[in-house]
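A.B. asks: one predicted model, sequence on top.
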Amino acid sequence: MTAHALELRNLRKSFGKTEIIRGVELAIEKGRIHAVIGPNGAGKSTLYNLITGLHPVTSGRILLKGADITDKPPYEIARRGLSRSFQVTNIFPRMSVLENVRCAMLWDLGYRYSFWHFVGRRRDLAERSEAIMEQTGLGSRRNVPAGLLSYSDQRALEIAITLASGADVILLDEPTAGMSRSETEQAVALIRKISQDRTLVIVEHDMGVVFDLAETISVLVYGQIVASGPPAEIRANTAVREAYLGPEAA
Amino acid sequence: MEVFAFSLFNGILYGMLLFMLASGLTLIFSMMGVLNFAHASFFMLGAYLAYQISAYVGFWPGLVVAPLIVGVIGAAVERWGLRPVHKFGHVAELLFTFGLAFVIEEVVQLIWGKVPMPYDIPASMNFAAFSWQGLDYSAYRLFMLVISVAIFAALFLFIAKTRIGLIIQAALTQPNIVSALGHDVPRIFMWTFGFGCALAGLAGVIGGNVLGTEPAMAITLGPIVFVVIVIGGLGSLWGALVAALFIGIVDNLAISYDLSFYPLFAVFGVERDVTGIMQDLVRLTTASIAPVLPYFLLVLILIVRPRGLFGTRDV
Amino acid sequence: MAGLARRSGIWLAAVAVVLVLPWIFSSGFAITTLNQMGVLIIFSLAYNMLLGQGGMLSFGHAVYFGLAGYSVAHVLNGIGAGTLPYVPVSLLPLVGGLVGLLFGIPIGFVSTRRAGTVFAMISLGFAEMMTALTLILIVFFNGEEGVQTDRWAGPEPFGITYGPDIQVYYLIAAWCLLATLAMYALTHTPFGRMSNAVRDNPERLQFVGYSTHRVRWLAFALSSFFAGMAGALHALNVEHVGFETVGVGQSGLVLFMVWIGGARAFIGPIFGAVVIAFLNSNLSGITEAWLLYLGILFMVTVMFAQGGLSGLILMHESIWKTDVRLFRPMVRPYALGIGATIVACLGAIGLIELIYFMSTRSTRDTGTSLYSVPVDAASLLPWLVCAGVAALGAEACRRAYRPMAASYADAIETVKAGAAR
């Protein structure tokens, strides 16, 4: 049996006396698009922060491709091939789009802390950054300081940075938040495009997007997974409807 | 024994003076996130203003008026100087206060010149409060102690019992809470800054005539106050108190006992008249290392326990 | 490649300027000033690796400058006395750099875990500690007297003795160019990019696989290396190293130069070092209040010009590149704004000078001169005139700044509209 892309075993997290994540069990298969949905305050962002090493866990284990990454620092987890985007745009505002994208790939391409290579002269950097800007539609904005981009371009850059690190497990945090309908459609197309030979975990509030994209859906309510399964099954699950979509939907 | 008692007494006094500065600095830092580099400069302004006022109408009016003026200057600096810089972030605010400290020192020299001012202990307080084993203890020092303890008590009562005190308490532990409370945040910031500066000014009024009123007094004391709030733990008033007293007492004991470190080296067979690198080490005494002690403590704390003695926030 | 050719053109021009300068400004005073500039340029650029490139505000970077200076002074004295093996004097800046690195590595390790205010406080702690140590470790620092040295030490390859100042000028110039080139190159390496990234967004940096601590630590160590190099050249230049070179004052000076020159552009610190070293050597003899003006200038840039003086100039670069004619409607509002500023400054400076004169005069004579005009500071007239000019200037500024900003905004709008097409 091959290992899951990402596996959470009885994961718990308390802030003070409040337990936010209360024993989450989750196994995400390789190559899938897996959505995590749940009402506000269910603990989705906390879950991401635990997986990526931003907060220490209270108990439980996190496995990335079979290897234990519990309580490793964020940069170690990133080096093992897990990358995330942020709900609130989290980019390098005073650097250009090209530099933003390049920064994210330096470690993966083996440059580490080098101060003896010139980034402008490395073919591998140029090729990958071109490919990623092409993929995310940012090519024409390459020299614009990231802080001056339009909102939807910043969201695209957010995904571009996440991709550039070459990770094969990607966590997206509300990738279409605050977007118009047409922007959302573009974003969905982009996500579908990048999902080839990668594992994607998506937290998203737009149910249209979730049911459109996801192959598996897990429902997180008050720090616990109440249901997991293919979209059709989740749609039909009365427990989910009551707990999450509201009693009137049941 | 009497040397010990007197230096302990002086240490507590110096510590309380440090605390008066450190408490204002901690309040400002906790609520606004601004490390006020110019804090000791307001202490200096307090001393100079008190000197100027005492030259005309005597010490006692100055005791009240000078801190008030310093507080108002502080509030004005916050309103018209710091507030516009706030949007550039904490580093810009720190830069602003650094520039301010520099400018205040220059302005003080512009007005009062570079020589120390003859700011003396008030004549009515210039007698020995008590004598012990032939050593006199000045009444003014006793008075300083009373004032600083009174301020300390008032501060804690204020924070424990009043509504504004509750907000401050909340802010000390949760830096972001002030803006969440929906109060008029800019105004709270302005008065916090002014109040902290007034406390520093008061410390200047009662300390200036003992420590010396001269343009370098800010730059000498300022860094030690920073050390106090880091060692005590950022955001912890108790920590600031303990650290201030500790530094005050250690400093005074080290200077009044002036023990040589030579016996330590003698154990290893080092001669007293050794030359070369060892020469400095053999000559070290507690008094000579007293000026570096606070900074050694700072570095030690940062390595061993970065959140400080009583801090809840990681440095 | 066109960009590269243009850049190498700039470097060649810089070499040419450096070679020619001492022929134009040949007085002893000018050479001294130029030498100071060279040292300060290296120091400022090193400092800006922290502040502008890495987002770390240090109040204690002179520690590495000063320690390297002391070390090089001792090495020179050792060579002179024959107790140390010969090191060519021309290579001593490298020794200084290594001393900076030696101290920068451990101190950087403990102080770069966090940036911002905490880092600043720790740097201040180390600076104060070092200042206090200068009075304790007498063998190395020699207390308040400092260490005297003589750069005319050892053999004289090619007849270079480093006796005359002009020879030191070329030594400093050569190292200054080399160091500038090296630090410029560093900004284009992976390390340089990550350094910018840790300044912009340390949180995100971790999620692309980098340790913020390691990036800052490396920046700190490399910056200490160049600061040490500057310190070594300082020791060679003035042949004396005093306790003030490690202190907060020296660190504050380099902070002022970098910030006023502009921390956001590579050229900024160079600009700042040149301008402030020039003003320092020319104004400090004329007015006692020079440091006050420097402090006020610093505060004004913190409040209104985050990019410093070079930032004010560079913010017009995109207009320049798009179409020079866009400047035409800006000339009048700019002239008015700048003119008003000058008037206001003249008035304010006049007042400050009068106060200074009255508070520092040692005789009863109240006659002095202001802007080469003889005035009696005891009479009301000069005070009224200065106050009037200052008030007039301030009012003019209030009226002139808005049209000035508007004309700039108009031009930028045009540039943006053009770029969008």
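C.D. replies: Everything's here; your move.

A.B. asks: helix, strand, or coil at the residue in chain A that chain C sits nearest to?
C.D. replies: Nearest residue of chain A to chain C (C-beta to the nearest C-beta) works out as residue A:107 at 3.5 Å. C-betas here are computed from N, CA, C, even on glycine. Following DSSP: H, G, I helix; E, B strand; the rest coil, residue A:107 is assigned to coil.

A.B. asks: what about it, how many residues close to it?
C.D. replies: When neighbours are defined as other C-beta atoms under 10 Å in any protein chain shown, residue A:107 has 20 of them.

A.B. asks: so residue A:172 sits in a strand?
C.D. replies: Yes. Judged by three-state DSSP, residue A:172 forms part of a strand.

A.B. asks: what's opposite it in the beta bridge?
C.D. replies: Assessed by DSSP bridges, residue A:172 has beta-bridge partners residue A:202.

A.B. asks: can you give me the neighbour number for residue C:144?
C.D. replies: Neighbours of residue C:144 under the rule other C-beta under 10 Å: 10.

A.B. asks: could you check how far the residue of chain A closest to chain C is from residue C:280?
C.D. replies: Separation of residue A:107 from residue C:280 (C-beta to C-beta, to the nearest Å) stands at 44 Å.

A.B. asks: what's the closest non-adjacent residue to the residue of chain A closest to chain C?
C.D. replies: Excluding its sequence neighbours, the residue lying closest to residue A:107 (C-beta to C-beta, 6 or more residues apart in numbering or on different chains) is residue C:209, at 3.5 Å.

A.B. asks: and that neighbour, which of the three is it?
C.D. replies: Following three-state DSSP, the label given to residue C:209 is coil.

A.B. asks: quick one: contacts for it?
C.D. replies: Residues in contact with residue C:209, defined by C-beta atoms under 8 Å, 6 or more residues apart in numbering or on different chains, are A:75, A:78-79, A:106-108, A:165.

A.B. asks: next one: residue A:74
C.D. replies: Residues near residue A:74 by C-beta under 8 Å, 6+ apart: A:52-54, C:206-207.

A.B. asks: again, 10 Å this time
C.D. replies: Counting by C-beta atoms under 10 Å, 6 or more residues apart in numbering or on different chains, residue A:74 touches A:49, A:52-55, A:82, A:84, C:203-212.

A.B. asks: check residue C:251 too.
C.D. replies: By C-beta under 10 Å, 6+ apart, the contact set of residue C:251 is C:43, C:47, C:58-66, C:123-124, C:127, C:227, C:245.

A.B. asks: rerun that using 8 Å as the cut-off
C.D. replies: When contacts are counted by C-beta under 8 Å, 6+ apart, residue C:251 is found next to C:58-63, C:123, C:127.

A.B. asks: out of those, which touch chain B?
C.D. replies: For chain B, the contacts drawn from the contacts of residue C:251 by C-beta under 8 Å from any C-beta of the partner chain are residue C:59.

A.B. asks: narrow the contacts of residue C:251 to those in helices?
C.D. replies: C:62-63, C:123, C:127 (DSSP state H).

A.B. asks: and those, which two are the farthest apart?
C.D. replies: Greatest spatial distance among these (C-beta to C-beta): C:62 and C:123, at 10.1 Å.

A.B. asks: between these two, who's got more neighbours?
C.D. replies: Neighbour tally, residue C:62 and residue C:123, criterion other C-beta under 10 Å: the higher count belongs to residue C:62, 30 against 24.

A.B. asks: circling back: can I get the contacts of residue C:251 in TSV with pLDDT?
C.D. replies: Below are these laid out as TSV (pLDDT from 0 to 100):
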residue	pLDDT
C:58	96
C:59	95
C:60	95
C:61	97
C:62	97
C:63	97
C:123	92
C:127	94
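
A.B. asks: nearest to residue B:199 among the contacts of residue C:251?
C.D. replies: Using C-beta to C-beta, the contacts of residue C:251 come closest to residue B:199 at residue C:59, 23.5 Å.

A.B. asks: the closest one touches residue C:252, doesn't it?
C.D. replies: Yes. Shown here, residue C:59 and residue C:252 form a contact pair, counting by C-beta atoms under 8 Å, at 7.1 Å.

A.B. asks: between these two, what contacts are shared?
C.D. replies: Jointly contacting residue C:59 and residue C:252 under the rule C-beta under 8 Å, 6+ apart are residue B:98.

A.B. asks: packing partners for the helix or strand hosting residue A:209?
C.D. replies: In this structure, residue A:209 is located in helix A:207-213 according to DSSP states H and E. Helices and strands touching helix A:207-213, by 3 or more C-beta pairs under 8 Å, 6 or more residues apart in numbering or on different chains; DSSP states H and E, are strand A:33-37, helix A:181-194, strand A:199-203, helix A:231-236.

A.B. asks: quick one: secondary structure of residue A:62?
C.D. replies: Secondary structure for residue A:62, judged by three-state DSSP, is strand.

A.B. asks: isn't it up against residue A:11?
C.D. replies: Yes. With contacts counted by C-beta under 8 Å, residue A:62 reaches residue A:11, the gap being 6.7 Å.

A.B. asks: so what sits against both of these two?
C.D. replies: Common contacts of residue A:62 and residue A:11 (C-beta under 8 Å, 6+ apart): residue A:50.

A.B. asks: which ones are touching residue B:147?
C.D. replies: The contact partners of residue B:147, by C-beta under 8 Å, 6+ apart, come to B:202, B:206.

A.B. asks: helix or strand next in line after the helix or strand hosting it, which one?
C.D. replies: Element membership for residue B:147, per DSSP H and E: helix B:139-161. Next in sequence after helix B:139-161, counting helices and strands by DSSP H and E, comes helix B:163-173.

A.B. asks: ok so, going back, give me phi/psi at the residue nearest to residue A:107?
C.D. replies: phi 100, psi 10 (degrees, to the nearest 10).

A.B. asks: for it, give its distance to residue C:157.
C.D. replies: From residue C:209 across to residue C:157, the span is 48 Å (C-beta to C-beta).

A.B. asks: what is the neighbour count of residue C:412?
C.D. replies: That count, for residue C:412 with other C-beta under 10 Å as the rule, works out to 16.

A.B. asks: now residue A:92
C.D. replies: Residue A:92: 27 surrounding residues under other C-beta under 10 Å.

A.B. asks: next up, the contacts around it.
C.D. replies: Residue A:92 is in contact with A:99-100, A:103, A:146, C:196-197, C:200-201, C:204, counting by C-beta under 8 Å, 6+ apart.

A.B. asks: at 7 Å what do you get?
C.D. replies: Contact analysis of residue A:92 by C-beta atoms under 7 Å, 6 or more residues apart in numbering or on different chains lists A:100, A:103, A:146, C:197, C:200-201, C:204.

A.B. asks: likewise for residue C:188?
C.D. replies: By C-beta under 7 Å, 6+ apart, the contact set of residue C:188 is A:118-120.

A.B. asks: strands of chain B, residue ranges please.
C.D. replies: Using DSSP state E, the strands of chain B run over B:128-132, B:135-138.

A.B. asks: correction: the previous question concerned chain C.
C.D. replies: Going by DSSP E, chain C shows strands at C:147-148, C:240-241, C:367-370, C:373-376.

A.B. asks: least confident of the ones you listed, on average?
C.D. replies: Ranked by mean pLDDT, the strands of chain C end with strand C:367-370 at the bottom, a mean of 78.
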